[in-house]
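In: Quick one: sequence plus predicted model below, questions after.
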Amino acid sequence: MGFEHPIPQWNLPESTLSEQVEKAVATFWEANPILLELLSKSRTLEEARERVYNYLHDFERKSLHSKIYLNPMERQVGRKALHVLKNIFAKRNEDVTQKSALKTLYKIAQKTNRPVSLAFIEEMSHLFTAMKGQTKLYGAVQQGEVASQDERLSQMARQALQSARKYPHGFETSVLQERAENRQRIIDYFGATEKDWQDWQWQCRNVIRDVETLSQLVDLTEDEQEAIVLAKEHQIPFGITPYYVSLMDFASHRRRDHAIRAQVLPPLEYVKEIIAGRQDPTKTFDFMGERDTSPEKLITRRYPMIAILKPYNTCAQICVYCQRNWEIDDVLSEKAQASRNKLDKALRWFREHPEVEEILITGGDPAVMNDHVFATILEEVSKLEHVRRIRIGSRMPVVLPMRFTEEFADLLAKYSIPGKREVAVMTHFEHSYETTPEAMLAIQRLRHRGIPVYNQGVYTMDNARRFEMVALRKRLRLMGVDPYYTFNAKGKEETKDYRVPIARLLQEQSEEARLNPGLDRSDEAVFNIPRLGKNYLRAGQDHEVIMIDEEGSRIYEFFPWDHSNLESEPFLHSDVPIFSFLQEMERRGELIEEYRSIWYYY
């Protein structure tokens, strides 16, 4: 199940790639002779557009009134593909995106020397294959003897469970033993005791901030070392708690701890892009438009009845792809605590907006604040009579579960009043390998006091294999955590190597999560739109594919969740090419055949 590190970009020699593209183009025209004839015999692009639309409309009429599809599921996929094809050939969408899939196909058909990627041809090939009901995902409906429903469901369950069990977790006997050895090695290095280890403040005082220390505790590749050195030289926040380091395997192959290392060890290319971006006056790292949605210092608001309060602007360790890490000066920065003046103004804003019934206290990570400071803030927030829920956004259950002492759990529970006000904790487990007995103890301390704990995962290249998220959800439920959101990692250019196509998350939700009991799959797949907020990916009316560019990227148009808000503009998102994703999955040892339906999720 593992893969070697570092992760190179998939590349072929130019001559080999050209040959593959030429072969793919020939295969595409062979499968679509009508399209080739329409495009090659058109004198202009607009004439080609008219002919292609007539072809699509004629095919659509046939699909509605005849039995051209052998399976009703093929019909459903074909109808969706037809909608996408009409979208990407629309003049309006060419104007919006400044791209033209039709022009690219037209130039290829006219045999002009227009460069095209293999990813583009693969997308177009799968769209027309789906349109014609030839995906072969389902086959024809067969009459006669079939397996009983009981037998079929058992087979599905066995296959799903077997797939999920491939992924390691922190409760396995061998993993527990290795991590005990890791813990002792780290304790010995710092000259500490077991009592020190269990002290969250000792953990914070000994956060690993440099490559020299980390290299003594785990094996690092040359790229990992260079990235950390560069990050420190250029004041890019970096730090890892001793506890979280103990979750890493000592060897650097990333076969089991890939998701853990990916969280905190910045890729070399990422560091270089951050450095270059800081020198570019036109570059902004505020991808989510935090500044544009802040009505007052320390506050972010994107929805009618909930707003974010950020009293503490750092964390115990820094996650590479965090949407707010551009705001953080350094791990555990001494300047992180908001001033009393700023906090008073933020609280005044909440008092003046009684329609805001819910406050998410996040940051940074507010759980890094000591009990006294946190209590002061909770006391002030609890005086807001209109607030009926206080959420605490914290990754401490994952990276430093010792923080959730009995005293801290009591503090949070003090402000939870059934029937009047709820206190809930929102955390971020990314992989089953992060689940541990220590994390479970922290969560159970909260649950025993009536405080629910929810998980917001981010879907990345490091948890996107078949049933990898299922394995996490099952562990979380047993620990006492409810899956809540699964975010599609969005388009920050410097974190492009983490990103996964939207189609993969839709595939995961439909074909993997769906097989599991409802409480195991209570999370919602979402795409967080800059300045606008979360868009539910299962809600087809909120987004659609409107273009395929020459690199094979799908361009999505996302519509505001609030359709009545005429001031909100749609958001365009250029996605990761599915072809590139599949090549990387193959490099990581996956069987691409198992992912072949990904092309038909839009």
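Out: Everything's here; your move.
In: where does the protein have low pLDDT?
Out: Regions of the chain meeting the criterion pLDDT under 70 cover residues 1-17, 113-114, 139-146, 491-492, 562-568.
In: Domains in it, by residue range?
Out: 1-146+542-602, 173-278, 291-541 (automatic domain parsing).
In: The longest helix along the chain: which residues count as buried?
Out: What stands out as the longest helix in the chain, according to DSSP state H, is helix 45-65. Neighbour-count burial for helix 45-65 flags 45, 48, 49, 51, 52, 53, 55, 56, 59, 60, 63 (criterion: 16 or more other C-beta atoms under 10 Å). Glycine gets a C-beta too; all of them are placed from N, C-alpha and C.
In: What ranges does the stretch 101-250 of the chain have for its helices?
Out: Assigned helices in the stretch 101-250 of the chain, in chain order: 101-109, 118-131, 149-164, 173-190, 194-197, 200-205, 211-217, 222-233, 242-245 (criterion: DSSP state H, counting those that start in this stretch).
In: Which strands and helices lie in contact with the third one?
Out: Applying 3 or more C-beta pairs under 8 Å, 6 or more residues apart in numbering; DSSP states H and E, one finds that helix 149-164 contacts helix 468-479.
In: and for the helix or strand following the helix it packs on, what are the contacting residues?
Out: Of the helices and strands lying after helix 468-479 in sequence (DSSP states H and E), the nearest is strand 482-488. Outside strand 482-488, the residues within contact range by C-beta atoms under 8 Å, 6 or more residues apart in numbering are 426, 452-459, 469, 473, 476-477, 500, 502, 505, 509, 519-528, 534, 537.
In: Can you name the element that comes right after strand 482-488?
Out: Using DSSP H and E, the first helix or strand after strand 482-488 is helix 502-511.
In: out of the helices of the stretch 101-250 of the chain, which comes closest to residue 252?
Out: helix 222-233 (7.0 Å; C-beta to C-beta).
In: Of all the residues in the closest one, which ones are buried?
Out: For helix 222-233, a neighbour-count test (16+ other C-beta under 10 Å) marks 223, 224, 225, 227, 228, 230, 231, 232 as buried.
In: How about the fourth one: what's its closest non-neighbour residue?
Out: Just to be clear, that refers to residue 227. Nearest in space to residue 227, with sequence neighbours left out and distances taken as C-beta to C-beta, 6 or more residues apart in numbering, is residue 268 at 4.3 Å.
In: Please identify the buried residues of stretch 585-602?
Out: 585, 588, 590, 595, 598, 599, 600, 601, 602.
In: Tell me the one among the residues you listed nearest to residue 418.
Out: Distances from residue 418 to the buried residues of stretch 585-602, taken by C-beta to C-beta, are shortest for residue 601, at 41.4 Å.
In: ok, now which ones touch that closest one?
Out: 502, 503, 504, 506, 507, 510.
In: and with 7 Å instead?
Out: The neighbourhood of residue 601, defined by C-beta atoms under 7 Å, 6 or more residues apart in numbering, consists of 503, 506, 507.
In: Could you dump these into a markdown table with neighbour count added?
Out: Converted to a markdown table, the contacts of residue 601 look like this (neighbours: other C-beta atoms under 10 Å):
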| residue | neighbour count |
| --- | --- |
| 503 | 22 |
| 506 | 19 |
| 507 | 21 |
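In: Quick check: of those, which lies closest to residue 246?
Out: residue 507 (34.0 Å).
In: and the gap between the closest one and residue 549?
Out: Residue 507 sits 21 Å away from residue 549, going by C-beta to C-beta, to the nearest Å.
In: ok, how many other residues are close to residue 115?
Out: Neighbour count for residue 115, taken as other C-beta atoms under 10 Å: 10.
In: The closest residue to it other than its chain neighbours in helix, strand or coil?
Out: Once flanking residues are discounted, residue 115 sits nearest to residue 550: 7.1 Å by C-beta to C-beta, 6+ apart. Put simply, residue 550 is coil when judged by DSSP: H, G, I helix; E, B strand; the rest coil.
In: for the nearest residue in space to residue 318 that is not next to it in sequence, what are its contacts?
Out: For residue 318, ignoring the flanking residues on the chain, the nearest one in space by C-beta to C-beta, 6+ apart is residue 237 at 4.5 Å. By C-beta under 7 Å, 6+ apart, the contact set of residue 237 is 318, 325, 328, 330, 331.
In: And the strands in this protein?
Out: 299-300, 306-312, 358-363, 389-393, 422-427, 453-459, 482-488, 524-529, 533-536, 543-548, 554-558, 571-574 (DSSP state E).
In: just to revisit the earlier point, quick check: the residue nearest to residue 227 vs residue 280, distance?
Out: 19 Å.
In: Just want to know which of the two has more residues nearby.
Out: Ranked by neighbour count (other C-beta under 10 Å), residue 268 and residue 280 place residue 268 first, with 19 against 8.
In: quick one, what contacts the more buried one?
Out: Residue 268 touches 223, 226, 227, counting by C-beta under 7 Å, 6+ apart.
In: how far away is the closest residue to the second one other than its chain neighbours from residue 478?
Out: Right, the one you point to is residue 226. Spatial nearest neighbour of residue 226, excluding adjacent residues (C-beta to C-beta, 6+ apart): residue 268 at 5.7 Å. Applying C-beta to C-beta, the value for residue 268 to residue 478 is 37 Å.
In: And for residue 588?
Out: Distance from residue 588 to residue 478, by C-beta to C-beta: 27 Å.
In: what does residue 94 give?
Out: Distance from residue 94 to residue 478, by C-beta to C-beta: 50 Å.
In: Over to residue 288?
Out: According to C-beta to C-beta, residue 288 stands 33 Å off from residue 478.
In: okay, the two: which has more neighbours?
Out: Remark: of residue 288 and residue 478, residue 288 carries more neighbours, 21 against 13, as counted by other C-beta under 10 Å.
In: Out of the contacts of residue 601, the closest to residue 293 would be?
Out: residue 506 (26.8 Å).
In: Excluding sequence neighbours, find me the nearest residue to the closest one.
Out: residue 601 is the one closest to residue 506 (C-beta to C-beta, 6+ apart), at 4.0 Å.
In: and what of residue 382?
Out: residue 415 (5.1 Å).
In: mind checking how far the one you found is from residue 52?
Out: 62 Å.
In: same question, residue 373
Out: From residue 373 to residue 52 the distance is 64 Å (C-beta to C-beta).
In: Ok, residue 470 next?
Out: 41 Å.
In: Likewise for residue 401?
Out: In terms of C-beta to C-beta, residue 401 sits 58 Å off from residue 52.
In: cool, residue 39 as well?
Out: 7 Å.
In: repeat for residue 573
Out: 25 Å.
In: now do residue 111
Out: Taken as C-beta to C-beta, the span from residue 111 to residue 52 is 18 Å.
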